[in-house]
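Asker: Just to be clear, the model below is a prediction. Sequence and coordinates:
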Amino acid sequence: MTLRLSINLSFDGQCEDAFKFYEQCLNGKITFKLTWGDSPMAKDAPQHWRGKMVHATLTVGDTTFSGGDALPGTYERPQGFGILLGLKELEDAEPLFHALAENGTVHVPLQETFWALRFGSVTDRFGIRWDINCEKSEL
């Protein structure tokens, strides 16, 4: 079996803003955007929703993030999982954590742990949970 894992995120009208933010702070590249109004599913979206994203793609290194805005009244806030960002360089952990934490909720402050030089957990302003992990070097 050949399997490629990617991450699919759902938003309540903020997909474009979220992906622009993630593109900047994760040093990624938005490679595709399609609005509800420009899609074959335009008839399913209310007029005020036609400028929202039905699908967007963001590439960060070898990882692909897909996302879109759920139709009004169908969005469900994510729960029970988080996206783990494994960093090799300690100096990358703090600015990334603080960017994601701005106007979000910190669950675990960025700190040294028994397994990591730095670990922290935050839900960003778009409702997505991120865990930042900068592992200690293996001996």
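Answerer: Cool, the structure landed.
Asker: Below-threshold pLDDT in this protein: ranges please.
Answerer: 138-139 (pLDDT under 70).
Asker: Tell me which stretches of it form helices.
Answerer: 15-25, 90-101 (DSSP state H).
Asker: Let's have these in JSON lines, adding mean neighbour count and distance to Arg118.
Answerer: Every residue, glycine included, has its C-beta placed from N, CA and C. Listed next are those as JSON lines, based on neighbours: other C-beta atoms under 10 Å; distance: least, C-beta to C-beta, whole Å:
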{"stretch": "helix 15-25", "mean neighbour count": "18", "distance to Arg118": "16"}
{"stretch": "helix 90-101", "mean neighbour count": "17", "distance to Arg118": "4"}
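Asker: I'd like to know which of the ones you listed lies nearest to Ile132.
Answerer: helix 90-101 (4.8 Å; C-beta to C-beta).
Asker: Check which helices and strands that closest one is in contact with.
Answerer: On a contact count with 3 or more C-beta pairs under 8 Å, 6 or more residues apart in numbering; DSSP states H and E, helix 90-101 meets helix 15-25, strand 83-87, strand 105-111, strand 116-123, strand 129-135.
Asker: Now do it against strand 83-87: the angle between them, please.
Answerer: 150 degrees (axes from the mean of the first three to the mean of the last three C-alpha atoms, to 10 degrees).
Asker: Pull the residues that contact helix 90-101.
Answerer: 25-26, 85, 87, 110, 117-118, 120, 122, 124, 130, 132, 134 (C-beta atoms under 8 Å, 6 or more residues apart in numbering).
Asker: Over to stretch 24-32?
Answerer: 19-20, 22-23, 55-61, 65, 85, 96, 99-100.
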